[in-house]
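Student: got a predicted structure here, sequence first:
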Amino acid sequence: MFKFMIFIQTHPLEYLLIVPKTVASILFLLVAIKIYYSNKKYVLNRIFFLTFLSFSLYLLLDIFVYIFAPYSQEMLDIANIIFKIQIFILAFYMYMLFLASLIVKIGAKSIRSKWVWFIGVIIFILVILICTFKIIVVLDDTGKILTELPPIEPGFKATNGTKVGYNSLLALLISGFPLLLDIYTIVLFIQVRNHLEIDDPSRKRMRYFIIGITLIPIGLLYFILQGSIAFNNYPSIIIGYVIWIISPFFLWKSQIGKDSESNHTKKLNLVK
């Protein structure tokens, strides 16, 4: 059965997107491994490893969700389960990056504070809410949801949508709300960089790192906008994945030259 499913007549875009999704996933995995093995005894390195490993997994799962969803109702149900797992993984990525920013700025003890756990609970509640109204659906070429699978007519496409009965605008706002944590995290990293001395070599590396992590929410925001406008052609979709392919290059570059760090940066645990 699975051998036949590989050649299912799904939207051609999904097959074309396998390449950028796979490339981006592999690049983030390589960044995670590089950071971890540069010095795995540091809590910060382990958290960064989980951070970028989770985003790599998020991209990998994205390949299967949209290709196999139209195959049957059973596969659509499985695709929805994977999609909800993706939402949790993405939230985990954001929270781990947030914890990393606190360690860099304040120290490892900061992640044990009650307000940090409180933010984690808020993110978890938001994820539960998002999972209740966000679903994978199969649309025909007119945008109508198909209930009989597999589709008979060509031109169908699996996409993420909002359950009937939920306000689409409100759902969009709630879905984008966790990105505020990402923005706050980026601000914390920028503050750390601004406190480094001008001639500190780690200042430049921090700039690369900040660019790398900033490109990830930019890609997410792009896909939210692209989905709401309903641009489903390859050029418009590939832009988002190009952003995510560029991101790990900056993250990798930020890990080069750590031996020349200043003592001030080492106190912040930004060491290899």
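Tutor: Now that the structure is in, tell me what you want to look at.

Student: which other residues reach the helix or strand harbouring residue 29?
Tutor: For residue 29, the host element (DSSP states H and E) is helix 18-38. By C-beta atoms under 8 Å, 6 or more residues apart in numbering, the residues outside helix 18-38 that reach it are 45-46, 48-53, 55-57, 59-60, 62-63, 67, 238, 241-242, 244-245, 247-249, 251-252, 255, 258, 272. In this view, the C-beta of every residue, glycine as well, is placed from N, C-alpha and C.

Student: buried ones among these?
Tutor: 45-46, 48-53, 55-57, 59-60, 62-63, 67, 238, 241-242, 244-245, 247-248, 251-252, 255, 258 (16 or more other C-beta atoms under 10 Å).

Student: now go through the residues you listed and say which are in strands.
Tutor: Here DSSP state E is the test, and the buried ones among the contacts of helix 18-38 give no hits in strands at all.

Student: returning to what we had before: give me the distance between the helix holding residue 29 and the centre of its chain.
Tutor: 12 Å (C-alpha atoms, centre = their mean, to the nearest Å).

Student: over to stretch 209-223?
Tutor: On C-alpha atoms, centre = their mean, the centre of stretch 209-223 falls 9 Å from that of its chain.

Student: ok, stretch 68-85 next?
Tutor: Using C-alpha atoms, centre = their mean, the offset of stretch 68-85 from its chain centre is 20 Å.

Student: repeat that for stretch 176-185.
Tutor: Chain-centre distance of stretch 176-185: 12 Å, with C-alpha atoms, centre = their mean.

Student: quick check: mean pLDDT of it?
Tutor: Average pLDDT, stretch 176-185: 88.

Student: the stretch 151-272 of the chain: strands as residue ranges?
Tutor: Counting by DSSP state E, counting those that start in this stretch, the segments of the stretch 151-272 of the chain that form strands are 157-162.

Student: so where's it shaky on pLDDT?
Tutor: Counting by pLDDT under 70, the stretch 151-272 of the chain contains low-confidence ranges at 154-155, 227-234, 257-272.

Student: go again using 50 as the cut-off
Tutor: 260-272 (pLDDT under 50).

Student: CA atoms of the helix holding residue 29 as PDB?
Tutor: Once non-C-alpha atoms are left out, helix 18-38 reads as follows in PDB (Å, rounded to 0.1, in the frame of the first residue of the first chain):
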ATOM      1  CA  ILE A  18      10.100  17.800  -0.800                       C
ATOM      2  CA  VAL A  19      13.600  19.200  -1.800                       C
ATOM      3  CA  PRO A  20      13.600  22.500   0.100                       C
ATOM      4  CA  LYS A  21      11.900  21.000   3.100                       C
ATOM      5  CA  THR A  22      14.400  18.200   3.300                       C
ATOM      6  CA  VAL A  23      17.400  20.500   2.700                       C
ATOM      7  CA  ALA A  24      16.200  22.900   5.400                       C
ATOM      8  CA  SER A  25      15.600  20.000   7.800                       C
ATOM      9  CA  ILE A  26      19.000  18.600   7.300                       C
ATOM     10  CA  LEU A  27      20.700  22.000   7.700                       C
ATOM     11  CA  PHE A  28      19.000  22.700  11.000                       C
ATOM     12  CA  LEU A  29      19.900  19.100  12.200                       C
ATOM     13  CA  LEU A  30      23.600  19.800  11.300                       C
ATOM     14  CA  VAL A  31      23.500  23.100  13.300                       C
ATOM     15  CA  ALA A  32      22.000  21.300  16.300                       C
ATOM     16  CA  ILE A  33      24.700  18.500  16.200                       C
ATOM     17  CA  LYS A  34      27.500  21.100  15.800                       C
ATOM     18  CA  ILE A  35      26.300  23.100  18.800                       C
ATOM     19  CA  TYR A  36      25.800  20.000  20.900                       C
ATOM     20  CA  TYR A  37      29.200  18.400  20.200                       C
ATOM     21  CA  SER A  38      31.100  21.600  20.500                       C
END
